[in-house]
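K.L.:
The sequence isn't on hand, but the structure is:
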């Protein structure tokens, strides 16, 4: 069963403003995995050396932050999402001429059999009907095409100069603990387990699993708070008790500023994000 969340225009706009996308290094790891499996390709597309690949499909693309990272590596990139509002926001920010967006469910992709070089899902796979999506990804992937499923944990770590990191992150942990009761039961205790199960269920002989890739990102404290407020658990609390949700967020923000000894929510902090990912290559003879 697929789950439909994050579909309102306001939430979609929040996604564009606050949601983080994989780092260039993470995208490079995905592309290196794909390139090694398609090393026999000797074409040159778009006048670039080497070979941008032909087609990438970013499923559950949301407002398109991850989709745009693929543009310079492919002749064509298509972002798909079930939410009209998310696609609308993605289109509002679309600048690259080789990117298009389509509204569709993840389990029924509008692409021909064996036509796609790379299928990605960045922080979205856990909401899909996972067995059906994996079957659909297998259908549309070319032989030697690759599947990349990336996500990150909510347990982020903050750091700030001349500030006790332990004290700072104790406040963050209290925030995460307060949101835990509002976490979707569909996700279980950890979404990482859903991805690990998918990795085990994929019968491709050539696959890779990484569960602890830390990426550090500088951002204003306000953006960290906006990111946390975009998560499904906070949104669930907000729907149930808007006053409680707002009070929780304001309290956490004030406590973080107190620990940092700053007065502006625009003060920049470093946020360490733990990513995990699954890469798999469809066999040539499939």
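P.N.:
On my side now, so go ahead. Being a predicted model, the structure only gives us computed values, none of them experimental.
K.L.:
And the contacts of the strand or helix carrying residue 227?
P.N.:
For residue 227, the host element (DSSP states H and E) is helix 221-230. With contacts defined as C-beta atoms under 8 Å, 6 or more residues apart in numbering, helix 221-230 is touched by 11, 14-15, 17-20, 154, 156, 158, 175, 179, 219, 234-235, 238, 249, 252-253, 256-257, 260, 262, 265-269, 271. Using the backbone N, CA and C atoms, a C-beta is placed for each residue, glycine as well.
K.L.:
And stretch 26-33, by the same measure?
P.N.:
So stretch 26-33 is contacted by 69-70, 73, 118, 120, 146, 148, 150, 208, 213, 215, 275, 277, 279, 281 (C-beta under 8 Å, 6+ apart).
K.L.:
Next: stretch 276-286.
P.N.:
With contacts defined as C-beta under 8 Å, 6+ apart, stretch 276-286 is touched by 26, 29-30, 33-34, 37, 138, 141-153, 192, 195, 198-199, 202, 204-213.
K.L.:
Put the buried members of the residues you listed into a ChimeraX selection.
P.N.:
In ChimeraX syntax, the buried subset of these is picked out as below (16 or more other C-beta atoms under 10 Å):
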select :26,29,30,33,34,37,138,141,142,144,145,146,147,148,149,150,151,152,192,195,198,199,202,204,207,213
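K.L.:
Tell me which of the contacts of stretch 276-286 fall in helices.
P.N.:
26, 29, 30, 33, 34, 37, 138, 192, 195, 198, 199 (DSSP state H).
K.L.:
any idea how far the first one lies from residue 213?
P.N.:
Meaning residue 26. According to C-beta to C-beta, to the nearest Å, residue 26 and residue 213 sit 7 Å apart.
K.L.:
Need the overlap of contacts for those two.
P.N.:
Counting by C-beta under 8 Å, 6+ apart, the residues touching both residue 26 and residue 213 are 275, 277.
K.L.:
still on that earlier bit, going through the contacts of helix 221-230, which ones are buried?
P.N.:
Among the contacts of helix 221-230, those buried by neighbour count (16+ other C-beta under 10 Å) are 11, 14-15, 18-20, 154, 156, 158, 175, 179, 219, 234-235, 238, 249, 252-253, 256-257, 260, 262, 268-269, 271.
K.L.:
Counting only helices, which of these make the cut?
P.N.:
Per DSSP H, helices hold the following members of the buried ones among the contacts of helix 221-230: 11, 14-15, 18, 175, 179, 234-235, 238, 249, 252-253, 256-257, 260.
K.L.:
Quick check: of those, which lies closest to residue 62?
P.N.:
Using C-beta to C-beta, residue 15 is the member of these that sits closest to residue 62, with 5.1 Å.
K.L.:
before we move on, the earlier item: widest-spaced pair of the ones in helices among the contacts of stretch 276-286?
P.N.:
37 and 192 (24.8 Å).
K.L.:
tell me the helices in the stretch 1-150 of the chain, going along the chain?
P.N.:
Applying DSSP state H, counting those that start in this stretch to the stretch 1-150 of the chain gives helices spanning 9-18, 24-37, 84-92, 130-140.
K.L.:
measure residue 23 to residue 114 for me?
P.N.:
In this view, residue 23 and residue 114 are 30 Å apart by C-beta to C-beta.
K.L.:
Max pairwise distance over the contacts of stretch 26-33: which two?
P.N.:
215 and 281 (23.8 Å).
K.L.:
Between those two, which is the more surrounded one?
P.N.:
residue 281 (23 against 16; other C-beta atoms under 10 Å).
K.L.:
partners of that one in the sheet?
P.N.:
residue 146 (DSSP bridges).
K.L.:
tally of neighbours for residue 164?
P.N.:
Count around residue 164 with other C-beta under 10 Å applied: 12.
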